[in-house]
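> What shape does this take:
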Amino acid sequence: MPAPSSLKNCARLGGVLTAPGGGGGGGGVILQSVSHDVYENLAVEDWVHDHANLEGRPVLFVWRNSPSVVIGRHQNPWQECDLRLLRARGVRLARRKSGGGAVFHDLGNVNLTFFTTRGEHDRRGNLDLVARALRSLQPRLDVAATARLDLVLDGGFKVSGTASRVGRAAAYHHCTLLCGTDAALLAAALRGPAAGLAGRATRSVPASVKNLREADPALTWERVAGAVAAHFAAARRARPAVLPVDPADEAAFPGLARRAAELRSWDWVFGRSPPFSLRACLDVPAGGAAPLRVGVALDVRAGRIRACRLDVPDGWLPGDACDRLGAGLAGRRFRPGDAAAPPLPLGPRDPEGRRRWRLLCEALETLM
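Just a heads-up that it's a prediction; the model follows:
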């Protein structure tokens, strides 16, 4: 891909994007982010969508992220990915403003966002452009768009998932291209719980995936992005120079840091999840040969526990301890650390009861 223009040009980018007719020059604009932070790059998307003057001047935004899972606006992260693995591996979780399913990002793939006016929004046209760009690098490459508006390789392996956001005046269509992504981490990260969770959230459609570099090792993200940029410039009368985007530059993009902070917040990533219920059976160590089986029924709204019911064998905990645990969890965020927060309803002279209480709380956290 052509090297982006010097970062000294970042401060004037906001003016270029918002001025009528591209600051007098007309034609499209190609941007490339210098950040690998998923929240910052998603914030750039929303800033351009809300502020750029796209009349007669489409924008292509090229960006990459460090390992991240990005879910659609109407999805449930507890249903879509392995949250324990994400925390253990340092994989970030983000919720975007567009719909669609969950995708995995790392530095082995490249993300493309096509901005236009609402009237010029054309997902099929964008995917056809990307397919042509790929075939310009490898003419024998069997890549095509599907009816679901994904890109598939060799007739059935998904190399790009897409989604879009259509506003009153502006729209964008974004896609991720798998060039040399970590396929094992992708598969593990997007492996959600098998059963027990129910709700009306949008579900991702499982698909077999393949990296472009499996078809041709020369299809690096740099070459792929460069080819897409060249085809975009030719088709959309875009300026050939690739302009850098520094999300940390408030002079170029006023308010972008606030947008990134919102996208990073727990209330957006988890709290915007559709309501769901979870029914599970936990194995709690009981000190014997077999663990204790505890039934759990949870209702979660806006990422917070609305109700929690526990089915524990009689006599394992004294009195109304389980009822008090369920009541104490109501209103708390459904996340590790909060299960142990309710006050312990057992006295200091009951060490075995306190141990069992701790084991039950730790078992509950495995659901989060």
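> Which residue ranges of the protein form helices?
In the chain, the helices defined using DSSP state H lie at 13-18, 38-51, 77-80, 83-89, 123-137, 183-189, 212-215, 221-236, 256-264, 266-269, 321-329, 351-365.
> Just the C-alpha atoms of the fifth one, please, in PDB.
Coordinates of the C-alpha atoms in helix 123-137 are reproduced here as PDB (Å, rounded to 0.1, in the frame of the first residue of the first chain):
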ATOM      1  CA  ARG A 123     -22.600  -2.800  -0.400                       C
ATOM      2  CA  ARG A 124     -22.500  -5.100  -3.500                       C
ATOM      3  CA  GLY A 125     -20.600  -2.500  -5.500                       C
ATOM      4  CA  ASN A 126     -18.000  -2.200  -2.700                       C
ATOM      5  CA  LEU A 127     -17.500  -6.000  -2.500                       C
ATOM      6  CA  ASP A 128     -17.200  -6.300  -6.300                       C
ATOM      7  CA  LEU A 129     -14.500  -3.600  -6.100                       C
ATOM      8  CA  VAL A 130     -12.600  -5.500  -3.400                       C
ATOM      9  CA  ALA A 131     -12.900  -8.700  -5.400                       C
ATOM     10  CA  ARG A 132     -11.500  -7.000  -8.500                       C
ATOM     11  CA  ALA A 133      -8.700  -5.600  -6.500                       C
ATOM     12  CA  LEU A 134      -7.800  -9.100  -5.200                       C
ATOM     13  CA  ARG A 135      -7.900 -10.600  -8.700                       C
ATOM     14  CA  SER A 136      -5.600  -7.800  -9.900                       C
ATOM     15  CA  LEU A 137      -3.000  -9.300  -7.500                       C
END
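> Show residues contacting that helix.
112, 114, 141, 143-145, 149, 151, 160, 162, 164, 173, 175, 177, 212, 216, 218-219, 223-224, 227-228, 230-232, 235 (C-beta atoms under 8 Å, 6 or more residues apart in numbering). Using the backbone N, CA and C atoms, a C-beta is placed for each residue, glycine as well.
> quick one on the thing from earlier: may I see the helices of the chain organised as a markdown table, with mean pLDDT added?
Below are those laid out as a markdown table (pLDDT from 0 to 100):
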| stretch | mean pLDDT |
| --- | --- |
| helix 13-18 | 68 |
| helix 38-51 | 97 |
| helix 77-80 | 96 |
| helix 83-89 | 96 |
| helix 123-137 | 97 |
| helix 183-189 | 97 |
| helix 212-215 | 97 |
| helix 221-236 | 96 |
| helix 256-264 | 97 |
| helix 266-269 | 98 |
| helix 321-329 | 83 |
| helix 351-365 | 83 |
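> For Val209, name its beta-bridge partners.
Per DSSP bridges, the residues bridged to Val209 are Lys158.
> Could you report the separation of it from Val103?
For Val209, the distance to Val103 equals 10 Å [C-beta to C-beta, to the nearest Å].
> Looking at these two, which one has more neighbours?
Using other C-beta atoms under 10 Å, the more surrounded residue of Val209 and Val103 is Val103, with 26 against 20.
> Cross-check the contact I'm expecting between that one and Asn65.
No: the pair Val103 and Asn65 fails to qualify as a contact (C-beta atoms under 8 Å) at a distance of 10.3 Å.
> Nearest to the spatial middle of the protein, which residue is it?
Central residue of the chain (C-alpha atoms, centre = their mean): Val70, 0.8 Å from the mean position.
> What's opposite that residue in the beta bridge?
Ala94, Val103.
> Provide a list of residues in contact with it.
Counting by C-beta under 8 Å, 6+ apart, Val70 touches 38, 42, 94-96, 102-105.
> Any of those buried? List them.
Taking 16 or more other C-beta atoms under 10 Å as the criterion, what is buried in these is 38, 42, 94-96, 102-105.
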